[in-house]
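**Student:** Pasting the sequence and the predicted coordinates here, then a few questions.
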Amino acid sequence: MGSVAQIYNFSAGPAVLPAAVVRQVQSELVSYKNSGMSIMEISHRSSLYTEMEAEAERNLRELMRIPDEYDILFLQGGGTLQFTMAPLNFAQKTKQIGFIDSGHWAQRAIEEARLVPGVKAKVVASAKTTNYTSLPKDPVLQKTYDYIHLTLNNTIEGTMYRTLPDLKNQVVVGDMSSNIMAQRYNVKDFDLIYAGAQKNIGPAGLTVVIVKHSLLHTTPELPSMLSYAKQAAKHSALNTPPVFAIYVASLVFKWLLQQGGVDEMQKRNEKKAQLLYDYLDSSSLFSAPVKKAARSTTNVPFVTGNAELDQRFVVAAQENGLVNLKGHRLVGGMRASLYNAMPLEGVQKLVEFMESFEQNIGGNK
């Protein structure tokens with residue numbers, strides 16, 4: 001068999017993994033640490049697992065500068081389950097949650113919160129009037145909510161918070177699913193952070209939750225799997241945890257530390273994104289719909305203005321090893337996701353191909 005041509009995977013998730021991590025997974029898959037057992041076979045009660053999990057937690061704490069007063073949980077159910085878990089655990093005093101509506105995933109969080117009996121979800125700021133091509137204005141908060149929910153990066157719309165809005169000392173829950181460890185945020189600005197793994201951490205099946213320990217004392221009695229306090233008390237092992245997903249995440253955390261950590265990743269991501277945005281802003285065929293101040297360095301949507309031409313581009317790009325560039329069905333067009341594991345070379349190849357495509361079709365928006 002011939003060698004596989006170089007593929008650059010721009011999928012929004014499940015997303016590209018560091019090549020070095022994939023090779024290590026392959027090399028260790030049959031026998032983890034010479035145990036004679038695959039990582040997919042080892043007991044979550046064994047020292048092989050508990051040592052691996054503890055190292056993963058330590059490395060994540062170092063990468064994100066997570067203070068000791070925060071618990072790290074490795075859960076399941078994706079970011080979507082957190083749309084329900086957060087209200088169940090923390091919407092207790094006023095039963096009211098303030099949501100900043102910055103796009104589709106914020107709206108999904110609102111919908112799920114409203115299904116929790118007794119909870120009122122209020123939109124305190126929205127970017128709807130700009131069709132989500134910008135971020136919402138800072139909310140005017142006249143009262144205290146049980147918490148404010150904020151989506152840090154909008155994978156579909158391509159907007160991202162670089163600095164947090166003024167939330168007036170409210171409890172803050174952050175959905176960091178798509179740009180966790182790609183952009184530096186101060187963990188102390190949040191009371192709870194959650195992130196589905198399949199974009200910037202590892203394979204689907206794992207959700208990282210970072211929660212201020214003091215909040216766990218005020219949570220209600222809930223079914224075990226839905227209780228942050230019970231999950232923390234059992235160190236995320238109330239039932240069998242997603243061992244393989246945590247293992248791959250642990251390798252990604254090590255890789256990130258070797259690369260220079262979150263600050264280095266942010267620099268690389270800004271360089272990758274700038275390369276693509278500079279081309280889009282100069283192109284007479286392609287354009288980026290998002291307002292410059294709100295642009296994400298992680299997910300970059302772009303269009304030609306012609307749906308048929310967009311489709312032609314996606315097909316031609318795939319034939320040239322640039323895969324999964326089709327935009328989300330809600331917005332159409334194209335989208336390039338530039339997660340930590342996407343090398344600069346991938347973005348360079350994309351821009352080169354876009355230039356060639358533009359020249360070939362005459363370059364008219």
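**Tutor:** On my side now, so go ahead. Residues are numbered from 1 along each chain as shown.

**Student:** next structured bit after the helix ranked longest in the chain?
**Tutor:** For the chain, the helix reaching the highest residue count under DSSP state H is reported as helix 261-282. Counting by DSSP states H and E, the next helix or strand C-terminal to helix 261-282 is strand 299-302.

**Student:** which residues are in contact with that following strand?
**Tutor:** Strand 299-302 is contacted by residues 12, 153-158, 178, 273, 276-277, 280, 286-290, 327, 331, 333-338 when judged by CB atoms under 8 Å, 6 or more residues apart in numbering. (C-beta placed from N, C-alpha, C; glycine too.)

**Student:** Tell me the strands beside it, with direction?
**Tutor:** strand 334-337 (antiparallel) (DSSP bridges).

**Student:** Buried residues, the partner strand. List them.
**Tutor:** Using 16 or more other CB atoms under 10 Å as the test for burial, strand 334-337 gives 334, 335, 336, 337.

**Student:** Just the CA trace of it, in CSV.
**Tutor:** Taking Å, rounded to 0.1, in the frame of the first residue of the first chain, the C-alpha atoms of strand 334-337 are listed here in CSV:
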residue,chain,number,x,y,z
MET,A,334,-17.3,27.3,5.1
ARG,A,335,-15.5,27.1,8.4
ALA,A,336,-11.9,26.4,9.3
SER,A,337,-11.4,25.3,12.9
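
**Student:** what's the average pLDDT for that strand?
**Tutor:** For strand 334-337, mean pLDDT rounds to 97.

**Student:** And for stretch 245-260?
**Tutor:** Average pLDDT, stretch 245-260: 97.

**Student:** Hmm, residue 317 is touching residue 325, no?
**Tutor:** Yes - between residue 317 and residue 325 there is a contact at 5.2 Å, judged by CB atoms under 8 Å.

**Student:** Show me whatever sits in contact with both of those two.
**Tutor:** By CB under 8 Å, 6+ apart, residue 317 and residue 325 have these common neighbours: residue 350.

**Student:** check contacts around residue 49.
**Tutor:** Residue 49 makes contact with 42, 43, 243 under the criterion CB under 8 Å, 6+ apart.

**Student:** run the last query once more with 6 Å
**Tutor:** Residue 49 makes contacts with residue 42, as judged by CB atoms under 6 Å, 6 or more residues apart in numbering.

**Student:** Could I get the full set of strands for this protein?
**Tutor:** 8-9, 70-75, 96-101, 120-126, 147-151, 153-154, 159-160, 172-175, 192-196, 207-212, 299-302, 322-323, 334-337 (DSSP state E).

**Student:** how about TSV for the buried residues of strand 334-337, with distance to residue 136 added?
**Tutor:** As requested, those are exported to TSV (distance: CB to CB, whole Å):
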residue	distance to residue 136
334	25
335	21
336	24
337	23
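
**Student:** With respect to residue 71, which of these is nearest?
**Tutor:** Nearest to residue 71, judged by CB to CB, of these is residue 337 at 29.4 Å.
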